[in-house]
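*Asks:* what would the 3D arrangement of this be:
(chains A, B, C and D)
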Protein chains: 4
Amino acid sequence: MSKIGVHSFVWSAGSSRAELEKALESTHKLGFKLIEFSYLDPAQVDVGWLSGRLRDLGLDVAISMGLPPEGDISSDDGAVVAKGVDILDKAVALVRDLGGSKLAGILSSSHGKQERTLTRKGWDTSVATLSKVADRARAAGVTLNLEIVNRFESNMLNTAAQGMAYIRDTGASNIFLHLDTFHMNIEEADVGLAIRHAADRIGYVHIGESHRGYLGTGTIDFSAIFDALVAIGWDDYVTFESFSTTIVDKDLSLKTAIWRNLWTDNVALAGHAHRFIELGLQTARRKAELVAMPHLPA
Amino acid sequence: MSKIGVHSFVWSAGSSRAELEKALESTHKLGFKLIEFSYLDPAQVDVGWLSGRLRDLGLDVAISMGLPPEGDISSDDGAVVAKGVDILDKAVALVRDLGGSKLAGILSSSHGKQERTLTRKGWDTSVATLSKVADRARAAGVTLNLEIVNRFESNMLNTAAQGMAYIRDTGASNIFLHLDTFHMNIEEADVGLAIRHAADRIGYVHIGESHRGYLGTGTIDFSAIFDALVAIGWDDYVTFESFSTTIVDKDLSLKTAIWRNLWTDNVALAGHAHRFIELGLQTARRKAELVAMPHLPA
Amino acid sequence: MSKIGVHSFVWSAGSSRAELEKALESTHKLGFKLIEFSYLDPAQVDVGWLSGRLRDLGLDVAISMGLPPEGDISSDDGAVVAKGVDILDKAVALVRDLGGSKLAGILSSSHGKQERTLTRKGWDTSVATLSKVADRARAAGVTLNLEIVNRFESNMLNTAAQGMAYIRDTGASNIFLHLDTFHMNIEEADVGLAIRHAADRIGYVHIGESHRGYLGTGTIDFSAIFDALVAIGWDDYVTFESFSTTIVDKDLSLKTAIWRNLWTDNVALAGHAHRFIELGLQTARRKAELVAMPHLPA
Amino acid sequence: MSKIGVHSFVWSAGSSRAELEKALESTHKLGFKLIEFSYLDPAQVDVGWLSGRLRDLGLDVAISMGLPPEGDISSDDGAVVAKGVDILDKAVALVRDLGGSKLAGILSSSHGKQERTLTRKGWDTSVATLSKVADRARAAGVTLNLEIVNRFESNMLNTAAQGMAYIRDTGASNIFLHLDTFHMNIEEADVGLAIRHAADRIGYVHIGESHRGYLGTGTIDFSAIFDALVAIGWDDYVTFESFSTTIVDKDLSLKTAIWRNLWTDNVALAGHAHRFIELGLQTARRKAELVAMPHLPA
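*Replies:* Got it, this is the predicted structure:
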């Protein structure tokens, strides 16, 4: 049975101790079992304190990030690649230091709207580079989860099938897919089938609506997604992600093009999301059991 | 905003005081606002006591029934019609005496698998007869809600459009449709559109799954149904109905062909149903609001 | 790639040579590759002639039937069981004599609304009896395909899971499931999953809408069904079935409760159905291919 | 009954006479009734010849475009706005000279990923500016159809509700919405409801899949869309649009982030699309008729 997480930007885009504390408490209070942070700079955030608070509250943690253009590991420029490696290594260290095990997000190339098609050389550079980062991450007990995002946020891994090919090329055992329903709704031919095909290489799952607001108020068929997660026996985290102009992270809000105010009350939003995911998964499990029952005569 | 009811056969098919008391308490405890009983014989049940208990618990009540073959008001046999009228009049009285306002179910002809096509004469007899029952019901403050059921349970009113035609023919102001999602899934071309078309003549709504078990574990697209209820501004009762071999009413279980054990724990079932309907309606309302928001720049 | 068939009752319920000839020609003209007949009595129909016409037109054939109460092989009455065996053996012979290989329909018990729950003894009697019929059918090169029908037409095999259990109990290698989307829409928790689970024991498929009229004008999610058929690699027949009061078979129309006129022009209906199924399967195949494409950079 | 169009980029991104001729012939041959061109420069294309060929083949025409950053009419820079007005006026003239009546696309601001939130001032400037363009367009018998696009292609009109507000602000009678299912899948809370709400202000419709490839091979529920179009009595054009790396328009392919090869054979693609839309609309119409039929006894 899956556990439910929440992205901290539902609570705040800030990283002051007070903001983090509020995010942790809200997460815990609403019954989520994991909090996902966008990369936090250890120079600004007391990692030891945060790690302790996570432990106190019994919360698991994941870190997500998107490589910046100046750290794009698919670049032809070796200095840019080296910068990307440094960013990734630091993020792996942060995950480890916080007591987590998952680094997620756009780890194989730059996050944002690209202006050219990816080249084969870029793919190969990225694969070779990330393989080595993965070796070090393995030693740190950290998995790398490649977020499959829509065409407007990356020109490299837009589908689970592309991600699977990338993972095969790395040969790494600790690189997995980070699937996100918002992106899958745009790119996958069949979201349920994509999940089934990728089953043994999924490492992390984001649950987000088609417009990034309240679950169930958009175009995504979440029943089909919960059915697929049950079908592959997914028992790891599904993390709720939502964006509104109510909470703005300067960098991420621009890259993800958040122009509309889809909600203002984040407690109502997150409570609804938790009920929606929990009821959805519970119902999907019951359906899967029912379809297999022989119902023999007494 | 709709209120949620539950059919008493989720709790018990019995009508002893202890069984009724348990049904009332379970209904109340799980947050339902109405309990629906299949017709209760005042010779067997203390109507005054029951009415008082409903009042004590703040519960509304509805009575449902299906006319038996020997009381089919579409019959060519006047004695059979008269018997049906008597049954209907008694049911109207029961509704009134319990402090309710809704009589529901298969009121225009016999409930069960028919062996011949309905004739025009049968339709006319039924219309003329029910019009008069409706006059008396109006005086008692009771509405007649014609359940639209699948082809295997009636040969008369299988679609909302047929029910609308019937109501028009009666000219009565207190005859409405009793829509039921289980039946609509079999008979309606488009469940959401059928609800929209019938909007101002819907008097009562049953929410049941395609196989009559747990909501969301069958083939019905409940999102579309909740969307349609929100679209027409439905703010009256939606009542959960489910059947399993766990609880058997000799007559109804046979007419509705309940052969499988789809659940055993009725508290878990009803709790799930309440959460499912409440979250579904809440989400549909939010979706309807969102689609109309202009989201102008600040 | 699946082949598309059509039930002869789309054309006519009659079995005169002229009626059969018309049905054959219409089937062929509209591009169907198989015609399904309800059991035809060799005393009334020239089987040799029919077999020849099928061959001339390059049409495959299937025979379907439902056991009558007086031939119910789950009965406690040995004479009734013997009658059922006789009926089945004759139907097997007809399939063989027509050059076909599939007997389909309600072969394990009586077709129609039942008035009591099936007993364990009835199940065992049916299993033991049909096993022996299957032995003889194997010698004739005929498979027995158990139609899984809704609760109002049988109290025995309402779900694919029940059918699988039945087949396992027989131990026969030539008994398969005959799935029908009209019935699945009522009984299965998840139509796509039921198809996936039953994959290697499906022998025949009926495509029918929720109200038995035009495909796509009811509540069934045919995309999900075509996806599932593609997922299991189904390359055998899918046969279109539809009923309207326009064409009445006295026995079957009553058992299946056909009260409404859902179409009058059967050529328009069948042409639409052929386009709908062909386009649906073609699209589902393309989707399944697309979801697996790695789309690597050039 | 709607008529079906096709975007010329299905055939070619070029505008040589040979390429245009091929696009026209393919459009006509496959049964489409309208061809949509991205803006064609009259300095490069013989408009008189093209207009004649359209007339010869009995084809209607629409022109679509997205304003460039240097012609963004929501800009604070008057020179940029003036440039935009010039571009729009020229496009209106092209529509008129080709014998068409519809200018479509992103006409109210710049097409492409924006790096800041739209201001109220930008909205007002755009509204005031386009109102005047609309006056001149009316004189030319041309309507302006504002394409509602996803957040990554504009920060102004992402939903039909925003577009309705914009149109109200202009007060113009010849500004309408250009809805596109690809974009609606990302931005609208409920695609069917958005269409119903916008009914009397829809001027043009694009039918595109979630990943911009073959219809029916993505996540869009086209049945719901066809149902909504039938519900509002849409009888104007629905135009198929699809992008693949097979056919590249340097500007548009980058702005719309086309990285994957979703098809190579455009004749197969377009033939499939025509069949898909035609069958989908035909089926939706039949469904809408069926749900309203009273089916009275004979």
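
*Asks:* show me which residues of the stretch 1-150 of chain A sit near chain D.
*Replies:* The stretch 1-150 of chain A comes close to chain D at residues A:113-118, A:150, as judged by C-beta under 8 Å from any C-beta of the partner chain. Glycine gets a C-beta too; all of them are placed from N, C-alpha and C.

*Asks:* near chain C, which residues of the stretch 1-150 of chain A show up?
*Replies:* Close to chain C, as judged by C-beta under 8 Å from any C-beta, the stretch 1-150 of chain A has residues A:117-120, A:122-123.

*Asks:* in JSON lines: those residues, plus distance to residue A:79.
*Replies:* Listed next are those as JSON lines, based on distance: C-beta to C-beta, whole Å:
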{"residue": "A:117", "distance to residue A:79": "23"}
{"residue": "A:118", "distance to residue A:79": "19"}
{"residue": "A:119", "distance to residue A:79": "18"}
{"residue": "A:120", "distance to residue A:79": "21"}
{"residue": "A:122", "distance to residue A:79": "15"}
{"residue": "A:123", "distance to residue A:79": "19"}
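
*Asks:* which of these are buried, as a ChimeraX select command?
*Replies:* Remark: buried members of the residues of the stretch 1-150 of chain A next to chain C, expressed as a ChimeraX selection using 16 or more other C-beta atoms under 10 Å in any protein chain shown:
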select /A:117,118,122,123
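
*Asks:* which one of the residues of the stretch 1-150 of chain A next to chain C is nearest to chain D?
*Replies:* residue A:117 (5.8 Å; C-beta to the nearest C-beta).

*Asks:* can you say which of the residues of the stretch 1-150 of chain A next to chain D are buried?
*Replies:* A:113-114, A:117-118, A:150.

*Asks:* between all of these, which two are separated the most?
*Replies:* A:117 and A:150 (15.7 Å; C-beta to C-beta).

*Asks:* returning to what we had before: which one of the residues of the stretch 1-150 of chain A next to chain D is nearest to residue D:160?
*Replies:* Using C-beta to C-beta, the residues of the stretch 1-150 of chain A next to chain D come closest to residue D:160 at residue A:150, 21.2 Å.

*Asks:* for that closest one, helix, strand, or coil?
*Replies:* coil (DSSP: H, G, I helix; E, B strand; the rest coil).

*Asks:* hang on, it packs against residue A:181?
*Replies:* No: with contacts counted by C-beta atoms under 8 Å, residue A:150 stays clear of residue A:181, the gap being 11.3 Å.

*Asks:* returning to what we had before: ok, of the buried ones among the residues of the stretch 1-150 of chain A next to chain D, which one's closest to residue D:39?
*Replies:* Among these, residue A:113 lies closest to residue D:39 (C-beta to C-beta), at 22.6 Å.

*Asks:* quick one, what contacts the spatially closest residue to that closest one that is not a sequence neighbour?
*Replies:* Nearest-residue entry for residue A:113: residue D:113, 4.3 Å, with adjacent residues in sequence omitted and distances by C-beta to C-beta, 6 or more residues apart in numbering or on different chains. By C-beta atoms under 8 Å, 6 or more residues apart in numbering or on different chains, the residues touching residue D:113 are A:113, A:152, A:257, D:152-153, D:255.

*Asks:* going by distance to residue B:33, which of those residues wins?
*Replies:* residue A:257 (43.1 Å).

*Asks:* for the closest one, which non-adjacent residue is closest in space?
*Replies:* residue D:151 (3.8 Å).

*Asks:* what is the burial count for that neighbour?
*Replies:* 21 (other C-beta atoms under 10 Å in any protein chain shown).

*Asks:* distance of it from residue C:130?
*Replies:* Residue D:151 sits at a distance of 60 Å from residue C:130 (criterion: C-beta to C-beta, to the nearest Å).

*Asks:* one step back: and the residues of the stretch 1-150 of chain A next to chain D, which two are furthest apart?
*Replies:* Checking these with C-beta to C-beta, the most distant pair is A:116 and A:150, at 17.1 Å.

*Asks:* pretty sure residue A:32 is touching residue A:7, no?
*Replies:* No: between residue A:32 and residue A:7 there is no contact under C-beta under 8 Å: 9.9 Å.

*Asks:* quick one: common contacting residues for the two?
*Replies:* Common neighbours of residue A:32 and residue A:7 (C-beta under 8 Å, 6+ apart) are residue A:240.

*Asks:* packing partners for the one helix or strand residue A:129 maps to?
*Replies:* For residue A:129, the host element (DSSP states H and E) is helix A:120-139. Applying 3 or more C-beta pairs under 8 Å, 6 or more residues apart in numbering or on different chains; DSSP states H and E, one finds that helix A:120-139 contacts helix A:78-97, strand A:102-110, strand A:143-147, helix A:160-170.

*Asks:* would you list these in a markdown table and tack on mean neighbour count and mean pLDDT?
*Replies:* A markdown table is the format used below for these (neighbours: other C-beta atoms under 10 Å in any protein chain shown; pLDDT from 0 to 100):
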| stretch | mean neighbour count | mean pLDDT |
| --- | --- | --- |
| helix A:78-97 | 18 | 98 |
| strand A:102-110 | 26 | 98 |
| strand A:143-147 | 27 | 98 |
| helix A:160-170 | 22 | 98 |
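
*Asks:* show me the contacts for residue A:203.
*Replies:* Applying C-beta under 8 Å, 6+ apart, the residues near residue A:203 are A:102, A:104, A:143, A:145, A:176-178, A:236.

*Asks:* what's the closest non-adjacent residue to it?
*Replies:* residue A:176 (2.6 Å).

*Asks:* in JSON lines, list the helices and strands packed on helix A:120-139 along with distance to residue C:241.
*Replies:* Formatted as JSON lines, these follow (distance: least, C-beta to C-beta, whole Å):
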{"stretch": "helix A:78-97", "distance to residue C:241": "57"}
{"stretch": "strand A:102-110", "distance to residue C:241": "49"}
{"stretch": "strand A:143-147", "distance to residue C:241": "46"}
{"stretch": "helix A:160-170", "distance to residue C:241": "37"}
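
*Asks:* relative to residue B:89, which of these is closest?
*Replies:* helix A:160-170 (64.0 Å).

*Asks:* give me the contact list for the closest one.
*Replies:* A:108, A:123, A:126-127, A:130-131, A:134, A:146, A:148, A:156-157, A:175-177, A:179, A:184, A:188, A:194-195, A:197-198, A:201, C:291-296.

*Asks:* buried set for the longest helix seen in chain A?
*Replies:* As assigned by DSSP state H, the longest helix anywhere in chain A is helix A:266-292. Burial within helix A:266-292, assessed by neighbour count using 16+ other C-beta under 10 Å, is assigned to A:266, A:269-270, A:272-288, A:290-292.

*Asks:* where does the stretch 1-150 of chain A dip in pLDDT?
*Replies:* A:1 (pLDDT under 70).

*Asks:* still on that earlier bit, of the contacts of residue A:203, just say which sits nearest to chain C.
*Replies:* residue A:177 (13.2 Å).

*Asks:* how near is that closest one to residue A:159?
*Replies:* 10 Å.

*Asks:* and what of residue A:70?
*Replies:* 27 Å.

*Asks:* those two: which has the busier surroundings?
*Replies:* Higher neighbour count among residue A:70 and residue A:159: residue A:159, with 26 against 13, using other C-beta under 10 Å.

*Asks:* please name the nearest non-neighbouring residue to the more buried one.
*Replies:* residue A:187 (5.2 Å).

*Asks:* ok, the one you found - how many residues close by?
*Replies:* Neighbour count for residue A:187, taken as other C-beta under 10 Å: 24.

*Asks:* I'd guessed it sits against residue A:148; true?
*Replies:* Yes: with contacts counted by C-beta under 8 Å, residue A:187 reaches residue A:148, the gap being 7.2 Å.

*Asks:* need the residues touching each of those two.
*Replies:* Residues touching both residue A:187 and residue A:148 by C-beta under 8 Å, 6+ apart: A:158-159.

*Asks:* count of neighbours near residue A:207?
*Replies:* That count, for residue A:207 with other C-beta under 10 Å as the rule, works out to 29.

*Asks:* my error: substitute residue A:216 in the last question.
*Replies:* 22.

*Asks:* same question for residue A:243.
*Replies:* For residue A:243, the neighbour count with other C-beta under 10 Å is 25.
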